[in-house]
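**Q** Only the shape, not the letters, is given here:
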């Protein structure tokens, strides 16, 4: 198996959402949603606290629950009911999960050439003779096809 490029290893280590854990008070302060509301949402299965080994331990939440709470609150602030807000954020989360898988599968390599970055998005044709390359330069993204 080919070794993963260093930048992927570094990004995975730095941006590991599984390492971002918040206690209920922290989540409340970060989102503006009261601890009481968070416990209610948890009771309704709209959000999930992490499994606790000790019932005396404070409720803790992973980053994905932070994102879910922010989304629910956003839609409520826009005038949606709680149940409609949950439905809307679930739709957005489903789309984000699709995009995450798509990007993870699509990106083959990332090369920094100093003045621009090239991202290999994989084979462009069924005959596997052409690669699709995204080029980011000066804040703009263009595409090119390279014969291999």
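**A** Received the coordinates, thanks. Quick caveat: nothing in here was measured; it's all calculated off a predicted structure. Numbering: from 1, shown residues only.

**Q** give the contact list for the residue nearest to residue 80 when sequence neighbours are not counted.
**A** Distances taken as CB to CB, 6 or more residues apart in numbering place residue 88 nearest to residue 80, at 6.4 Å, with adjacent residues excluded. All C-beta spots, glycine's among them, are computed from the backbone N, C-alpha and C. Taking CB atoms under 8 Å, 6 or more residues apart in numbering, we find residue 88 in contact with 71, 75, 80.

**Q** same question, residue 125
**A** Residue 125 touches nothing, counting by CB under 8 Å, 6+ apart.

**Q** and residue 72, how many neighbours?
**A** 25 (other CB atoms under 10 Å).

**Q** What secondary structure category should be reported for the nearest residue to it once chain neighbours are set aside?
**A** Leaving aside its sequence neighbours, residue 72 sits nearest to residue 85 (CB to CB, 6+ apart; 4.7 Å). Secondary structure, DSSP: H, G, I helix; E, B strand; the rest coil: residue 85 is helix.

**Q** per-residue confidence at residue 85?
**A** The model reports residue 85 with a pLDDT of 97.

**Q** Might one say that it is in contact with residue 70?
**A** No - using CB atoms under 8 Å, residue 85 is not in contact with residue 70; the gap is 11.0 Å.

**Q** Which one of these two is surrounded by more residues?
**A** More crowded of residue 85 and residue 70, by other CB under 10 Å: residue 85, with 20 against 16.

**Q** ok now do the more buried one, which residues does it touch?
**A** Residue 85 neighbours (CB under 8 Å, 6+ apart): 71, 72, 73, 74, 75, 76.

**Q** Dump the residues you listed into TSV; add secondary structure, pLDDT and distance to residue 122 as well.
**A** Formatted as TSV, the contacts of residue 85 follow (DSSP: H, G, I helix; E, B strand; the rest coil; pLDDT from 0 to 100; distance: CB to CB, whole Å):
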residue	secondary structure	pLDDT	distance to residue 122
71	helix	96	31
72	helix	97	36
73	helix	97	38
74	helix	97	34
75	helix	97	35
76	helix	97	40
